[in-house]
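Undergrad: Starting from these lines, generate the structure:
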Amino acid sequence: MKKYWIGIVNRFNRKSLSDKQRIDFVKKLQVLLVHGFTLSEAFVFLFEQLELKSTTLKNNLYTALNKGSGCSEIFTILKFPKSIIMIVYFAESFGDLTVYLKNVEDFLLRNYSIKQNLYKTVQYPFVLLTFFIIMIIILNHTIVPEFRSLYLNMGVELSKIQIVLSSLIFNLPLILLLIFIVTLFCVFFLVNYYRSCSEEGKIHFIKFVPMVRTLFVRYKTYRLATEFSLFYKNGISLQNIVEIYMYQKSDPYLIYLANKINYGLKKGQNLSDASNDIGCFEQGLIKFIKVGEKEGKLEIELKLYSEIIITKIEKQLQLIIKLIQPIIFIVLAGLIVILYLVIMLPMFELMQTIK
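TA: Predicted coordinates:
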């Protein structure tokens, strides 16, 4: 449990660069390489421009560079996402690094844009909800007790619905706090359970999580299509790809993927059948692979599909973001109506009593 909490803290503190800094770093690196800079010269230039809070981190970067570290190792020190590090590693080993740095920049830009849209979408409703809760707390300790005392003195009896609504409004801050704590606990528990699973167990677990399941499958599909298109473009056979994945000790998923594909090859399957048996890729990818295998243009098919799938991921996330704001506003409007009814319905009954 102690290691788990340390891991949670580390996840909040792990970024060496902000999302915007990452995009600028990759973009400038790609431009410098295109204009004839060596990788070492480009990194020296960029390190001088980086505004890092940690002096130790900057020293580590220069030390790694002096030892002849490659682009993927520098990205590892800067704590880029693991998937990006692997693409960069394969690109500098087997392909054109400048081309795939452009793909990395595009991926980071899309990711940054989605995060910004989510922030803008949630920001205003969240502020309104916060003010509403504060208002409820103030009313519960000032006006609502006065109204209750008035109704009691005037002999106004509240209906069952009014009692339920009054209890809901009075206990709303506590209810929301309990919901938040329970949700937080469930998320931490599920994340911990997910991390403790084997790679195959993780895939089966995600399949039972709505919405996340589709994103997970599409992300894994995008990663496979991107990496395999790079390999096939440079004439690397499927068996050699499996061997390359086997050596990626830092990424257990790639080792699992290599074992599953290798098992399929031993049974006489091709890539499309082996990928289908793994069960974490879109059927569209399987169809693209089958067509590419028949026509002998698999690298082109995979590259095209990786572009299609990243667009699908972006559209799905944008749709989710668009749904968040209306849902929050509807909930907020419902709570405001309940608050109005709690105060005004007994008032109307009081007026009837006076008449």
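Undergrad: Could you use CA atoms for every contact and neighbour count after this?
TA: Will do.
Undergrad: can you give me the helices for the stretch 251-355 of the chain?
TA: Taking DSSP state H, counting those that start in this stretch to define them, one finds helices in the stretch 251-355 of the chain at 252-266, 271-278, 283-295, 298-354.
Undergrad: quick one, which of the ones you listed is nearest to Phe131?
TA: The closest approach between Phe131 and any of the helices of the stretch 251-355 of the chain, judged by Cα to Cα, belongs to helix 298-354 at 10.8 Å.
Undergrad: avg pLDDT for that closest one?
TA: Predicted confidence along helix 298-354 averages 82 (mean pLDDT).
Undergrad: Show me what it is packed against.
TA: Helices and strands touching helix 298-354, by 3 or more Cα pairs under 8 Å, 6 or more residues apart in numbering; DSSP states H and E, are helix 97-141, helix 143-153, helix 160-196, helix 212-233, helix 283-295.
Undergrad: Ok, which of those comes nearest Met86?
TA: In terms of Cα to Cα, the element of the helices and strands packed on helix 298-354 nearest to Met86 is helix 212-233, at 8.6 Å.
Undergrad: relative to helix 212-233, how tilted is the next helix or strand after the closest one?
TA: Downstream of helix 212-233, the first helix or strand assigned by DSSP states H and E is helix 238-246. Computed with axes from the mean of the first three to the mean of the last three Cα atoms, to 10 degrees, the direction of helix 238-246 lies at 120 degrees from that of helix 212-233.
Undergrad: Now helix 238-246: average pLDDT?
TA: Averaged across helix 238-246, the pLDDT comes to 87.
Undergrad: any residues touching it, and which ones?
TA: Outside helix 238-246, the residues that touch it by Cα atoms under 8 Å, 6 or more residues apart in numbering are Phe231, Leu254, Ile255, Leu257, Ala258, Asn259, Ile261, Asn262, Leu271.
Undergrad: Most neighbours out of these, which is it?
TA: Ile261 (26 neighbours; other Cα atoms under 10 Å).
Undergrad: Find the residue closest to that residue in space, skipping its chain neighbours.
TA: When the adjacent residues along the chain are set aside, Ile261 lies closest to Ala274, with 5.4 Å between them (Cα to Cα, 6 or more residues apart in numbering).
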